[in-house]
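Colleague: Need a 3D model of the following:
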Amino acid sequence: MPTPVLGTLASGQKVIGRRNCHLHAGVKELLPEVLSQVSGDDQFVKQAVDLCRIVGLSNCVETTENDQIVFAQRVARSGLSRFALNRECEKTSQVTVVVQFSPSDRCYVMATAYCGPLAELEPWSPRVRKGKDRLKSYTFWGKHALVWGSEPIIPKTITNKYPW
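Modeller: Numbers count the residues shown, from 1 in each chain. From the prediction side, this is the model:
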């Protein structure tokens, strides 16, 4: 089966999807419009596009000291994510895409796409490097969480204990 073309970047390069890419609910139909506003100037592109209309719900929210926080491992992830129990997903006009250039395919490959603004990699990610990127990850996820119930989790991994 051929690899599906999800859209074309503003710079003219095609973006393909692979079986292991993370396309979140409600995003696929928006990709042609979103990708047409993304420039493929780098090997790795991470960009939020504001479509100037409500396009979906963001499941990543900024937290306060009033939020009830737990940690759990999401399905198909290798570490614990931070969740807010008492929050609801928020309406958003933004779609974030992450694509990477594949020299062998001579196009970009979709890594993930989701409704909502840019988020940092989670601290458990092997791609979080030491130094500045690690600090950005810890800082972001210390002030943000996913909305409980918005992502499938592995129940036996739920904990109140800070994992990072």
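
Colleague: Can you report how many residues lie near residue 10?
Modeller: Residues lying near residue 10 (other Cβ atoms under 10 Å) number 12. Bear in mind the C-beta positions are built from the backbone N, C-alpha and C, glycine included.

Colleague: ugh, wrong one, I meant residue 150
Modeller: If you count neighbours by other Cβ under 10 Å, residue 150 ends up with 20.

Colleague: Tell me who's in contact with the residue lying closest to it once chain neighbours are set aside.
Modeller: Of all residues not flanking residue 150 in the chain, residue 59 sits nearest, at 3.6 Å (Cβ to Cβ, 6 or more residues apart in numbering). Neighbouring residues of residue 59 by Cβ atoms under 8 Å, 6 or more residues apart in numbering: 89, 114, 116, 146-147, 150-151.

Colleague: Distance check, residue 59 against residue 116.
Modeller: In this view, residue 59 and residue 116 are 7 Å apart by Cβ to Cβ, to the nearest Å.

Colleague: Let me know the pLDDT of residue 130.
Modeller: Model confidence at residue 130, given as pLDDT, is 68.

Colleague: what's in contact with the worst-scoring helix or strand of the chain on mean pLDDT?
Modeller: Taking mean pLDDT, DSSP states H and E as the measure, strand 22-23 is the helix or strand of the chain with the lowest mean score, a mean of 79. Contacts of strand 22-23 from elsewhere in the structure, counted by Cβ under 8 Å, 6+ apart, are 17, 76, 110-114.

Colleague: Tell me the first helix or strand C-terminal of that strand.
Modeller: Per DSSP states H and E, the first helix or strand lying C-terminal to strand 22-23 is helix 31-35.

Colleague: buried ones in the longest helix anywhere in the chain?
Modeller: In the chain, taking DSSP state H as the definition, the longest helix is helix 132-143. Judged by neighbour count using 16 or more other Cβ atoms under 10 Å, the buried positions of helix 132-143 are 134, 137, 140-141.

Colleague: Sounds good, over and out.
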